[in-house]
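*Asks:* Next come a sequence and a model predicted from it.
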Amino acid sequence: MGTYVIRRLLQMIPVILGATFLIFTMVFALPGDPLAGKCGERPCPPAYAAAFREKYNLNDPLPIQYGKYVGNLAQGDFGETTNGIKVIDQLKARYPITAKLALMALAFEAIVGITVGVFTGIKKGGFLDNLVLISTLVVISIPVFVVGGLSQYFLGVKLGLFPVTVTSANPSFYQLMLPAMVLGSISLAYISRLTRTSLVENLRSDYVRTATAKGLRRRRSIGLHALRNSLIPVVTFIGFDFGFLLGGAIVTEAIFNIPGVGGYLFRSIRARDGASVVGTVTVLVIVFLFVNLLVDLLYGLLDPRISHD
Amino acid sequence: MTDAAVAEVTVAEPRDAGTREEERSLASDAWRALRHNPIFWVSAVLIAVFTLMAIWPSLFTNTDPREAILAESRSRPGDGTWFGRDIQGYDIYARCIYGARASILVGVLTTTMVVVIGGGIGMISGYLGGVWDATFSRIGDIFFSIPLLLGAIIFLSSLPEFFNENYFLVIMKVVLALAFLGWPSLARLMRSSVIQVKPNDYVQAARALGASPSRIIRSHILPNSLAPLIVVATISLGGYIAIEATLSFLGIGLQPPAISWGIDISAAIVGLRTTPHMLFFPSLFLSLAVLGFILMGDAVRDALDPKTR
């Protein structure tokens, strides 16, 4: 177990380096000059321009710029935007909000999705099963920005059940509830279908028959034996979904006006603000990799046949 | 979306040459099952209609989608037009018809590129193994760790102005962004199914008979490992259409002279309270197109997987 974790952690390093390099290169290629418009209606004085280029390493070729960036990053320095704002401060202020949103979405989709999946899986082919199959298909095929707009209108404006937009810099649980449900809606459909398919398959397996034969109550044989093994593909999906959620947060945060990392990232890309983009994505990639490591470790807990030794 | 499909799909059993009684290939078996599946026909009709719409939009409407009648701006459905007019006075019905082209083009071209690149790389790493496998898998991990939507936004922003010159280049811009980040999931899938097929007796026999690697791949491995790839590619096609719309919604994908459902939805979401029809119709078309491809993928998967029959 220990060696497995260490090996996986070591394997992460090239992935993190590669992903940051990829993002760095793309940001490097962003058209536009950070000095344009910096000094108002006139071009910047040469001395200022030279100092500016020196400070942000703009004179170096790409590999050296990247090397310097990674060197700073390894010391926990995320650099500054060209406006002199420390990226780390922005990330510290915004990541907790997005994390809260993503975790709420994750909890919502996991709890509701697995419950729905279990109920439909037990009674395969029943009315509820067909209803859920059709409604999940509908949900999957509607893009998240349409779901967001519609639910904002109907649940927020018309019925007044939820706040329409987030108005504070530190949104409450209640304010984030609707955005989290919107964000998790598509994955909710996938999770319920995945749980259903996997449970149906496992209910036919020998160990469930044994459990029933030795007199376990139905609830126990499904809950303890079948469901636990059926959760493996679901947990895998949730791990991958974490990345999707953080990407989807860009849209959800735009619709609901949430001051999280998605909107920040989007504005930074539009403003050609390289340091913010690379910093945000780096943190995101690291979080994504750790979540997936966690998922792989969970396999062993869910299915005793899988071991990491 | 692709991730879900990858997790959900079960690799079709490679056909076992020894136990065949009559000449029935996997493909003809699958076709037999498909023919009796109403879902297949529903999705086939949806896809056919949207493809026709993309190729000859003038078959469906005589109205020019760029003909702005400002006097009738935001008129309701039935006031002289079927679906009403949007804020610019465009006929929404015509816009919906002409919008199909962008979505179908992006979906089909992206899927083709992803299948060729991902399938090719997956084949190489699965068949050759060793250093090739390790290299390509690690490169795939890097791309995989960047969320698709997020990476696409950065990629699109960093492309040079050259790509905004004409309609085809603008479409290609979106296609390149999605294919650039979307190939690893298909490569992983292809790799795993090639690894499953490779140790089979018929492959060993072909090698013993002195068949060249290209012949082994072409006539033995490829036909037997392609099924999961086709299923996931079909489902992802729907996903790519949704992502194209999302990018256009965010203002990064296609730009206004081009006609796209995403652009129209983005423009309509402002008037959600007063003119919901402007949002409803493009969303409906978009969702139906996505639904068509997802249903098709589902039906093909069920047909190819002997376990669900």
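*Replies:* Perfect, thanks for sending it.
*Asks:* For the nearest residue to A:Arg218 once chain neighbours are set aside, grab the count of nearby residues.
*Replies:* Spatial nearest neighbour of A:Arg218, excluding adjacent residues (Cβ to Cβ, 6 or more residues apart in numbering or on different chains): A:Thr212 at 7.4 Å. Just so you know, the C-beta spots here come from the backbone N, C-alpha and C atoms, and that holds for glycine as well. By other Cβ atoms under 10 Å in any protein chain shown, 17 other residues sit near A:Thr212.
*Asks:* pLDDT wise, what is A:Thr212 at?
*Replies:* A:Thr212 is assigned a predicted lDDT (pLDDT) of 85.
*Asks:* what secondary structure does B:Ala227 sit in?
*Replies:* What DSSP: H, G, I helix; E, B strand; the rest coil gives for B:Ala227 is helix.
*Asks:* my guess is it meets B:Leu304, correct?
*Replies:* Yes: the pair B:Ala227 / B:Leu304 is scored as a contact, 4.7 Å apart, by Cβ atoms under 8 Å.
*Asks:* which residues in the chain form helices?
*Replies:* By default, I'm working from chain A. Per DSSP state H, chain A carries helices over the ranges A:2-28, A:46-55, A:62-74, A:87-122, A:127-141, A:144-151, A:173-203, A:206-213, A:218-220, A:227-256, A:261-270, A:274-302.
*Asks:* other chain: chain B
*Replies:* Taking DSSP H, the helices of chain B run over residues B:2-8, B:26-35, B:38-55, B:92-128, B:130-144, B:148-158, B:167-197, B:201-208, B:213-216, B:222-249, B:261-268, B:276-304.
*Asks:* hang on, B:Ile216 packs against B:Arg207?
*Replies:* Yes: with contact defined as Cβ under 8 Å, B:Ile216 reaches B:Arg207; the gap is 6.2 Å.
*Asks:* Neighbour count for the two, which is higher?
*Replies:* Using other Cβ under 10 Å as the criterion, B:Ile216 and B:Arg207 rank with B:Ile216 on top: 19 against 15.
*Asks:* Name the nearest residue to the more buried one, ignoring sequence neighbours.
*Replies:* Of all residues not flanking B:Ile216 in the chain, B:Ala206 sits nearest, at 5.2 Å (Cβ to Cβ, 6+ apart).
*Asks:* quick revisit: pretty sure the residue nearest to A:Arg218 is touching A:Ser221, no?
*Replies:* Yes: judged on Cβ under 8 Å, A:Thr212 makes contact with A:Ser221 at a distance of 5.2 Å.
*Asks:* so where's the stretch 51-200 of chain B shaky on pLDDT?
*Replies:* The stretch 51-200 of chain B contains no residues with pLDDT under 70.
*Asks:* Show me which residues of it sit near chain A.
*Replies:* Proximity of the stretch 51-200 of chain B to chain A, by Cβ under 8 Å from any Cβ of the partner chain, involves residues B:138-139, B:141-143, B:145-151, B:153-155, B:157-158, B:160-161.
*Asks:* Mind giving me the PyMOL select for those, buried ones only?
*Replies:* To isolate the buried ones among those in PyMOL, judged by 16 or more other Cβ atoms under 10 Å in any protein chain shown, type:
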select buried, chain B and resi 139+141+142+143+145+146+147+148+149+150+151+153+154+155+157+158
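*Asks:* Tell me how chain A divides into domains.
*Replies:* If you go by automatic domain parsing, the domain ranges for chain A are A:2-74, A:94-302.
*Asks:* worst average pLDDT in these?
*Replies:* For those, where the average pLDDT is lowest is domain A:2-74, sitting at a mean of 79.
*Asks:* ends of that domain, how far apart?
*Replies:* 24 Å (Cα to Cα, to the nearest Å).
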